[in-house]
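In: Prediction below, plus the sequence it came from.
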Amino acid sequence: ARHAALALTVLRGPTTQDTKLLRSFPAAARTPDSGLHEAQRSWSSGVEPAAVRAYADVVFASTREFLSTVTNQHLHEEIPVKDRLIEAEIGPDFGWLIDQWSSGGVEHLIRWPLLGHVTNHIGEMIATRNQLGYSPYR
């Protein structure tokens, strides 16, 4: 959800809602780059699952709302991705993310961080659930 929220910030600018949603998270989980690392962070065990669910629900609803406004013309717009990520305080440690997201315009940000990234993680969760023997379809 943090990748999608950041992509929405890049696409439409920051909102006060973004800050409000994170208030129930530990301080370390509220930094601009939290949730973007490739490995689990020490603060993650201090985040309440209900808060994560509530945050994800709002981010995904915001994504649906944003997508409902996108036109074909809008898809092909170029936006200053690198500048907007820097404005969002995504620093040099995330040069890989800045490079990846800067490789395309609005269409790329919709295809990867808004939809693709989230979908990949859902697939990982389903695979893990199934490997643990919790599949509802067994």
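Out: Structure's in. What do you need?
In: Next secondary structure after the helix or strand bottoming out on mean pLDDT in the chain?
Out: Ranking every helix and strand in the chain by mean pLDDT, DSSP states H and E puts helix 16-21 at the bottom, with a mean of 70. The helix or strand immediately downstream of helix 16-21 is helix 49-67, counting by DSSP states H and E.
In: Tell me how far the following helix or strand past that following helix lies from the chain's centre.
Out: Scanning forward in sequence from helix 49-67 by DSSP H and E, the next helix or strand is helix 72-75. When C-alpha coordinates are averaged (Cα atoms, centre = their mean, to the nearest Å), helix 72-75 and its chain have centres 21 Å apart.
In: Who are the packing partners of helix 72-75?
Out: Contacting helix 72-75 under the criterion 3 or more Cβ pairs under 8 Å, 6 or more residues apart in numbering; DSSP states H and E are the following elements: helix 106-109. In this view, the C-beta of every residue, glycine as well, is placed from N, C-alpha and C.
In: Tell me the helix or strand right after the helix it packs on.
Out: Counting by DSSP H and E, what follows helix 106-109 is helix 117-131.
In: Okay, buried residues for that following helix please.
Out: Buried residues in helix 117-131, counted by 16 or more other Cβ atoms under 10 Å: 117-118.
In: likewise stretch 10-23?
Out: Residues of stretch 10-23 classed as buried by neighbour count (16+ other Cβ under 10 Å): 10-11, 18, 21-22.
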